[in-house]
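A.B. asks: Following is a predicted model, sequence given first.
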Amino acid sequence: DTEVTQTPKHLVMGMTNKKSLKCEQHMGHRAMYWYKQKAKKPPELMFVYSYEKLSINESVPSRFSPECPNSSLLNLHLHALQPEDSALYLCASSTQGQRNEKLFFGSGTQLSVL
Amino acid sequence: AQSVTQPDIHITVSEGASLELRCNYSYGATPYLFWYVQSPGQGLQLLLKYFSGDTLVQGIKGFEAEFKRSQSSFNLRKPSVHWSDAAEYFCAVGAQAGTALIFGKGTTLSVSS
């Protein structure tokens, strides 16, 4: 299994809603990542978990809250989002989080905030 | 600070013609360089990577890239483009251990018939 699975594929939410994005991999990878990608832009790193501990938090607003329940799962909890948060949210994983490692990406969750 | 520059925002190539996408990097130590491809609404797929050794790297889907340290470049090439190659292409550099990739702004490839 060389896949990173993200659910849901599409999500529409209001600014007062609470929702969660989910990501799962069964490749035994110990580093997992959340990226945000706006249309026609490169992915921007949000969070990195390494061995289930948050190792990178790129000054992301607190309305985004990551969670890594175990080495296979990564969640992104969303609360009180703004319309400018509408984007494609990509999850990725790699073996150990070293800079020479390939990232495996999921297909993303397309989020629309109304 | 490390960075990646893709000078071409949009390139159109005729089907069957050759392709070269440019990438320049800035990194003090040995760079770990990657090319990823993204189809609309999809995640990114790795085409190839360079860590060390042979400066001409072969990847999937008939792509290759050449690392030139003197020019700080890692250009992606394909001898004959297919319509299915139309996508967004990102060059990236692996930053220090414990962090993730730094991506260029991307090049949109259109293929005309």
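C.D. replies: Received the coordinates, thanks.

A.B. asks: What is the helix-or-strand element of chain B with minimal mean pLDDT packed up against?
C.D. replies: One helix or strand of chain B scores below all others by mean pLDDT, DSSP states H and E: strand B:101-103, with a mean of 86. Where contact means 3 or more Cβ pairs under 8 Å, 6 or more residues apart in numbering or on different chains; DSSP states H and E, strand B:101-103 is packed against strand B:3-5, strand B:87-94. (C-beta placed from N, C-alpha, C; glycine too.)

A.B. asks: So what are the sheet partners of that strand and their directions?
C.D. replies: strand B:87-94 (antiparallel) (DSSP bridges).

A.B. asks: Quick one: residues in contact with the strand it pairs with.
C.D. replies: Here strand B:87-94 makes contact (Cβ atoms under 8 Å, 6 or more residues apart in numbering or on different chains) with A:40, A:42-43, A:98-101, B:2-4, B:6, B:21, B:23, B:25, B:27, B:31-40, B:44, B:47, B:74, B:76, B:101-104, B:106-109.

A.B. asks: From those, which land in helices?
C.D. replies: Counting by DSSP state H, the contacts of strand B:87-94 place none of their members in helices.

A.B. asks: Please identify the deepest-packed of the helices and strands packed on strand B:101-103.
C.D. replies: Comparing these by mean neighbour count (mean count of other Cβ atoms under 10 Å in any protein chain shown), strand B:87-94 comes out on top with a mean of 24.

A.B. asks: Alpha carbons of that one, as PDB, please.
C.D. replies: Output of strand B:87-94 as PDB, limited to C-alpha atoms (Å, rounded to 0.1, in the frame of the first residue of the first chain):
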ATOM      1  CA  ALA B  87      -0.300  19.700 -15.800                       C
ATOM      2  CA  GLU B  88       1.400  21.900 -13.200                       C
ATOM      3  CA  TYR B  89       5.000  21.100 -12.600                       C
ATOM      4  CA  PHE B  90       6.800  22.000  -9.300                       C
ATOM      5  CA  CYS B  91      10.500  22.000  -8.600                       C
ATOM      6  CA  ALA B  92      11.400  21.600  -4.900                       C
ATOM      7  CA  VAL B  93      14.400  21.500  -2.700                       C
ATOM      8  CA  GLY B  94      14.600  19.500   0.500                       C
END
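
A.B. asks: Give me the mean pLDDT for that strand.
C.D. replies: Taken as a whole, strand B:87-94 has a mean pLDDT of 93.

A.B. asks: Understood, closing this out.
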